[in-house]
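**Q** sequence and predicted structure below; questions after.
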Amino acid sequence: MPVTTTYAIVMLAAGFGIPILAALNAALGVRLGSPVAAATILFVVALGSTLIVLAISRPSGLLTTGPAPKHLYLGGLLVAFYVLSVTIVAPKFGVGNAIFFVLLGQLVSAAAIDHFGLFGARVSPLSLTRGLGIGLMVAGVFMTQRV
């Protein structure tokens, strides 16, 4: 299987997981009466999971990393913001609506990151064809939320 196919399958699985994560964590937040507690539990489970994967794949991984620019650590704040916001908003707004706006934000942000090569990303200029494709994706996502 070509490596790009493998990457596509992994990312498709990650995409399937995002709405499931939103629904599960939103329900946990409601059940616990605290979206923040639900998010905290999610991060504890995630930390344990990633530590296991790190131990299996590269036990010295945390010890051999060199210094990195401080802005590269903002990803942790962004994931915390995402998990907290979807855990708080999804029960009130609906998982589909919440994920719709998440996808919209992802499409716009990904296009900008790729176009400008931000954060060391591979440059992929926003051509007319690519812009139209993103526009069709936005329209498709919008249509899925219209009843």
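**A** Sure thing, it's come through.

**Q** longest single helix anywhere in this protein?
**A** helix 3-32 (DSSP state H).

**Q** against which helices or strands is that one packed?
**A** helix 35-57, helix 74-93, helix 95-116 (3 or more Cβ pairs under 8 Å, 6 or more residues apart in numbering; DSSP states H and E). Placement of C-beta: from N, CA and C, glycine included.

**Q** contacts for stretch 21-41?
**A** 42, 80, 83-84, 86-88, 90-91, 95, 98-99 (Cβ atoms under 8 Å, 6 or more residues apart in numbering).

**Q** re earlier: need the helices and strands packed on helix 3-32 in JSON lines (columns: distance to Gly66 and mean pLDDT).
**A** Formatted as JSON lines, these follow (distance: least, Cβ to Cβ, whole Å; pLDDT from 0 to 100):
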{"stretch": "helix 35-57", "distance to Gly66": "17", "mean pLDDT": "94"}
{"stretch": "helix 74-93", "distance to Gly66": "17", "mean pLDDT": "93"}
{"stretch": "helix 95-116", "distance to Gly66": "24", "mean pLDDT": "90"}
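
**Q** could I get the ones you listed in CSV, plus columns for mean neighbour count?
**A** Below are these laid out as CSV (neighbours: other Cβ atoms under 10 Å):
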stretch, mean neighbour count
helix 35-57, 13
helix 74-93, 16
helix 95-116, 16
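
**Q** closest one to Thr5 among those helices?
**A** Among the helices and strands packed on helix 3-32, the nearest to Thr5 by Cβ to Cβ is helix 95-116 (20.0 Å).
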